[in-house]
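> prediction below, plus the sequence it came from.
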Amino acid sequence: DRRACARHAEIARMRKVNSGPAIEPGRLGLRRSQLIEPEPGHVRAEVEDDYHRFLAELFHDGERIAGVRTESRRHPWTTCPSAGDHLAARLTGAALREVAEREDPLTHCTHMLDLAILAAAHAGDAGPTLYTMFVGDPDGRPRPAILNRNGAEVLRWTIDRTMLVAQGMMAGRDLRGLRRWIGEIEPAMREPARVLRRGAYIARGRGFDFSTLTTASAVSAVMACYTFSPQHGGDAWHLDDSMRTFDGLENRPLADRLSP
C-alpha cells in the first residue's frame, strides 16, 4: 500500500544519507548511530556504538504499549539481555506519553531505556529518524561532540571533561546537571541534547582496558544501571569480545541496516 511504499522510500533515503560524508571521517573517537522506525501499531529503535548493539520495539494502539520486544545483539555484560525482560515487564500497559518520565533509570539498562524513550516519542511519526554522532577522543584538550539528525547537523559542542566550553547554546553548562537546566532550552533541542549527552558520557570509556574487568560488582567506580545494581552486579561478567571500533569511512555503526 501507499504507506508501506512511503516507508520503504524513506528507509532508502536514510541509507543514502548514511552513505554520504561521515562526521569527522577517520578521526579517533566514538561513533554512534540510532535509528527509529515507526510503523502502524509498532515502532522500532536500534543503537550501535563501540560497546553496544541493542534493539527495542514497542507494540501499541496509539496510546498505550501492548508489548515490548528487545534484542541484545552485542553487549558488554552477561546480564544485559535480561534487562530487556525487565524493560518489557515495566513498560507493557504504560502510556506512550509517560515512558520518558515514569521509570527509574537506575533500575534499567541505560541504553535499552533510552531506545524505548525514543521509540515512544516517535511512535506517531510519518517516517524514520536517524541520529548519528561523533565524540572525539580526549587528548588533553577540549574535544568536539557533534550530532546529526537525518544527515543534517543539529548540535556541535566542545567539551572539556563534562563542561561545555565553546560559544553558543548551553556554553558554560555542566552536562552532569542536564536535568536541572534542559528546560531552559527550546523544546525541539531537548531530545538532541539528551542524545548527544549520552554519547559524550559513554565516549569516556574509549581507551580503558576492559580486559581487567571481572564482575560489575568488582568495579570501584560509581556506575548505576541494571547490571551495576546490587541485585545483579555479582552475576554480571564482562565480555571481552564485545568491543568494536568505527572509523567513519568504510566502518560505520548500523552499517548492515543503513548501507545502500
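That came in fine, so what should we check first?

> now R27: phi and psi?
Backbone torsions for R27, taken as degrees, to the nearest 10, come to phi -80, psi 150.

> contacts only, for it.
By CB atoms under 8 Å, 6 or more residues apart in numbering, the contact set of R27 is 134, 136, 248. C-betas here are computed from N, CA, C, even on glycine.

> same question for R244.
50, 74.

> how many neighbours does the closest residue to N150 other than its chain neighbours have?
Closest residue to N150 apart from its sequence neighbours, by CB to CB, 6 or more residues apart in numbering: L130 at 5.5 Å. L130 has 23 neighbours, counted by other CB atoms under 10 Å.

> what pairs with the helix or strand in which L130 is found, parallel or antiparallel?
Secondary structure from DSSP states H and E places L130 in strand 129-136. Looking at strand 129-136 with DSSP bridges, its partner strands are strand 29-39 (antiparallel), strand 143-149 (antiparallel).

> how about CSV for the contacts of R27, with distance to A9, pLDDT and neighbour count added?
Supplementary listing: those in CSV, determined by distance: CB to CB, whole Å; pLDDT from 0 to 100; neighbours: other CB atoms under 10 Å:
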residue, distance to A9, pLDDT, neighbour count
F134, 27, 96, 25
G136, 34, 95, 20
G248, 26, 81, 18
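
> and which of those residues is nearest to G41?
F134 (34.2 Å; CB to CB).

> for that closest one, what are its contacts?
22-24, 27, 29-31, 144-146, 248.

> between those residues, which sits nearest H42?
Nearest member of these to H42, counting by CB to CB, is R31, at 27.5 Å.

> my guess is the closest one contacts A255. True?
No. Using CB atoms under 8 Å, R31 is not in contact with A255; the gap is 10.7 Å.

> looking at these two, which is more packed in?
R31 (26 against 14).

> who's the more buried one bridged to?
F134.

> now it: how far from P192?
Distance of R31 to P192, given as CB to CB, to the nearest Å: 17 Å.

> and the gap between the residue lying closest to G207 once chain neighbours are set aside and L178?
Closest residue to G207 apart from its sequence neighbours, by CB to CB, 6+ apart: D137 at 6.8 Å. Distance, D137 to L178, using CB to CB: 22 Å.

> just A218 next, same as before
Taken as CB to CB, the span from A218 to L178 is 29 Å.

> cool, and A89?
Distance from A89 to L178, by CB to CB: 28 Å.

> quick one, which of these two is more surrounded?
L178 (17 against 10).

> what lies in contact with the helix or strand where that one lies?
Using DSSP H and E, the element containing L178 is helix 178-181. Helix 178-181 has contacts (CB under 8 Å, 6+ apart) with 170, 173, 193-194, 197.

> what sits up against the helix or strand that it is followed by?
Per DSSP H and E, the first helix or strand lying C-terminal to helix 178-181 is helix 190-202. Applying CB under 8 Å, 6+ apart, the contact partners of helix 190-202 are 30, 32, 34, 49, 51, 110, 114, 118, 121, 131, 133, 135, 145-147, 149, 154-155, 157, 159, 162, 170, 175, 178, 182, 185.

> and those residues, which of them are buried?
30, 32, 34, 49, 51, 110, 114, 118, 121, 131, 133, 135, 145-147, 149, 154-155, 157, 159, 170, 175, 178, 182 (16 or more other CB atoms under 10 Å).

> and the strands in the stretch 151-260 of the chain, which stretches?
152-160, 163-164 (DSSP state E, counting those that start in this stretch).

> which among those is found nearest to E39?
The nearest among those, by CB to CB, is strand 152-160 at 23.5 Å.
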